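1. structure, please.
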Amino acid sequence: MTKYVLLLASIILFAPLASWAKNGSQPIDSIAAIVNDDIITSNELERELEKTRKQIRAQNTLPPPGDILKKQVLEREITKHVLLQLAKNTGIYIDDNALNNTIDSIAAQNKMDIRSFRDVLKQDGYDFEQFREDIRNEMIIARLQQRDINNTINVTEQEVDSFIATQQVQGQSEMEFDISHILISVPEAANASVIDKTRLKAEEVLAKIKSGSDFAQIAISHSDGQLALKGGEFGWRKSGQLPTLFARQMPHMKKGEVSELLRSPSGFHIIKLNDKRRGEKHIITQTLARHILIKPTAVTSEMEAINQLRQLKQRIENGDKFEDLARSHSEDPGSGSQGGNLNWTSPGDLVPQFQAVMDSLKLNEISEPFQTSFGWHIVQVQKRRDLDNSEEYSRKQAQDFIRQRKTDEARESWIRQLRNEAFVEFKNDN
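-> Here you go, the predicted structure:
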């Protein structure tokens with residue numbers, strides 16, 4: 001928060017409001033909650049409420065009653081403020097250049113230039129400057145999580161082997177699941193009485209669902225999970241991407257089925273299996289190519305490197321052997337002595353500029369000279385083949401799944417601890 005807002009907060013807290021009204025001043029924004037040494041204003045809360053209502057309606061779901069939605073959104077804002085305070089206190093900041101680049105990317109992903117993007121936001125009722133600050137805050141929180149959570153997660157080869165073996169035994173290695181989730185959380189260090197009350201609440205929620213209430217609606221109204229305001233929707237995930245507790249249930253559930261209560265240290269969970277499908281094999285196109293590299297130097301200019309490559313291309317087209325010219329002229333120490341041969345490469349093995357030119361060529365076609373960070377090249381594609389990369393891909397996916405699972409579990413515990421340790425005082429009957 002700015003110094004101005006904090007000053008305003010102190011005035012609201014300690015000055016009689018009647019004196020402001022008497023002096024004919026404009027109404028002052030009230031405080032919804034105090035979070036450590038920061039505040040959430042009522043205007044800020046109302047703005048987030050309206051934005052959340054639009055997002056819920058966009059999911060074809062009716063928003064819950066106002067007081068329930070307000071409680072959910074306020075809790076989300078409290079958590080956000082706690083995280084932003086921690087980031088600020090530990091020196092995390094997003095400058096305008098990084099922010100502008102991200103917003104440009106968001107506009108490009110929506111196939112718009114920045115001016116059109118601003119116009120669309122305005123038509124949808126969003127203030128562009130506020131949108132910028134919302135994105136900045138999301139970037140700050142993401143960087144904080146990267147530092148405090150993501151960078152601490154390690155995955156061993158043994159974990160990958162064990163994961164793949166378990167998936168194969170369960171017959172889930174190729175399965176994908178679309179699930180929704182509700183969490184009724186239990187506070188840390190809760191006594192038996194609190195746990196029993198929480199269980200009763202969870203059982204009431206489950207009973208509503210079993211009697212026909214809409215799962216997404218109940219999730220928005222009652223769930224304490226991070227995805228509550230999205231109806232608890234996880235989206236399509238492979239078994240390994242799901243929390244272990246949920247993944248264990250998948251083999252026993254049918255499409256549309258809702259689980260019984262599941263207990264974890266976080267609280268009581270209810271999951272719904274919306275759908276499931278079998279994943280496809282992972283086929284990649286590999287390319288066998290060879291190239292010649294000329295590096296510009298203080299002696300060889302850019303233009304001289306280009307002209308030299310053009311001459312070499314002409315000689316190859318006139319009958320000289322590519323491999324002979326590569327051995328005598330290429331400045332790539334790895335492939336030059338091998339006649340320019342790059343061996344079979346998979347997508348992502350080569351730098352993007354090289355990959356793009358190579359992918360655009362027909363078999364045996366030689367490119368025009370082009371530049372990468374290594375220098376200037378010509379490349380010839382000799383063969384292409386489709387390869388079932390499923391095993392290697394599965395190991396990489398398994399590693400990613402385990403890392404994501406560990407990250408999700410660590411993040412949930414981390415956020416819950418930070419929230420529990422924060423000083424929070426509710427105002428205005430919130």
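
2. any chance you could map the strands in this structure?
-> 31-35, 38-41, 175-185, 233-238, 262-264, 267-278, 283-294, 341-345, 370-372, 375-388, 424-426 (DSSP state E).

3. now do the second one: which elements does it pack against?
-> Here strand 38-41 is seen to pack against helix 3-14, strand 31-35, helix 66-89 when contacts are counted using 3 or more C-beta pairs under 8 Å, 6 or more residues apart in numbering; DSSP states H and E. Quick note: C-beta positions are derived from backbone N, CA and C, even for glycine.

4. give me that answer again for 7 Å
-> Applying 3 or more C-beta pairs under 7 Å, 6 or more residues apart in numbering; DSSP states H and E, one finds that strand 38-41 makes contact with strand 31-35, helix 66-89.

5. output those as TSV; include the columns distance to Thr407.
-> What follows is the helices and strands packed on strand 38-41, written out as TSV (distance: least, C-beta to C-beta, whole Å):
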stretch	distance to Thr407
strand 31-35	25
helix 66-89	15
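
6. just put the ones you listed in JSON lines and tack on mean neighbour count, mean pLDDT and distance to Lys122.
-> As requested, those are arranged in JSON lines below (neighbours: other C-beta atoms under 10 Å; pLDDT from 0 to 100; distance: least, C-beta to C-beta, whole Å):
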{"stretch": "strand 31-35", "mean neighbour count": "21", "mean pLDDT": "91", "distance to Lys122": "26"}
{"stretch": "helix 66-89", "mean neighbour count": "17", "mean pLDDT": "92", "distance to Lys122": "23"}
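
7. between the ones you listed, which gets nearest to Lys230?
-> helix 66-89 (11.3 Å; C-beta to C-beta).

8. got the angle for that closest one vs strand 31-35?
-> 40 degrees (axes from the mean of the first three to the mean of the last three C-alpha atoms, to 10 degrees).

9. helix 66-89: how far from the chain's middle?
-> 19 Å (C-alpha atoms, centre = their mean, to the nearest Å).

10. by contact count, what packs against that helix?
-> Applying 3+ C-beta pairs under 7 Å, 6+ apart, one finds that helix 66-89 contacts strand 31-35, strand 38-41, helix 42-58, helix 128-148, helix 390-421.

11. if we can go back for a sec, out of the helices and strands packed on strand 38-41, nearest to Arg310?
-> helix 66-89 (52.9 Å).

12. export the strands of the chain to TSV and tack on distance to Glu304?
-> Putting the strands of the chain into TSV (distance: least, C-beta to C-beta, whole Å) gives the following:
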stretch	distance to Glu304
strand 31-35	64
strand 38-41	61
strand 175-185	54
strand 233-238	52
strand 262-264	66
strand 267-278	56
strand 283-294	8
strand 341-345	24
strand 370-372	14
strand 375-388	10
strand 424-426	68
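
13. which of these has the lowest mean pLDDT?
-> Sorting the strands of the chain by mean pLDDT places strand 233-238 lowest, at a mean of 85.

14. which other residues reach it?
-> Under the contact criterion C-beta atoms under 7 Å, 6 or more residues apart in numbering, strand 233-238 has outside partners Glu176, Phe177, Asp178, Ile179, Ser180, His181, Ala216, Leu227, Gly279, Gln397, Phe401.

15. ok, those vs Gln380, which is closest?
-> Nearest member of those to Gln380, counting by C-beta to C-beta, is Gln397, at 33.3 Å.

16. quick one: neighbours of that closest one, just the number.
-> By the criterion of other C-beta atoms under 10 Å, Gln397 has 20 neighbours.

17. can you check Val205 too?
-> 21.

18. now it, nearest residue through space, not along the chain?
-> Nearest non-adjacent residue to Val205, counting by C-beta to C-beta, 6 or more residues apart in numbering: His222, 5.1 Å away.

19. who's in contact with the one you found?
-> Ile182, Ile184, Val205.

20. quick one: residues contacting Asp148.
-> Asp148 sits in contact with Trp414, where contact means C-beta under 7 Å, 6+ apart.

21. tell me the pLDDT of Leu261.
-> 94.

22. quick one: it from Asp196, how far?
-> 13 Å (C-beta to C-beta, to the nearest Å).

23. could you give the bridge partners of Phe426?
-> Ala33 (DSSP bridges).

24. okay, now it: neighbour count?
-> As a measure of burial, Phe426 has 14 neighbours, counting by other C-beta under 10 Å.

25. swap in Ile378?
-> 27.

26. isn't it up against Gln371?
-> No - applying C-beta atoms under 7 Å as the test, Ile378 and Gln371 come out as separate, 11.3 Å apart.
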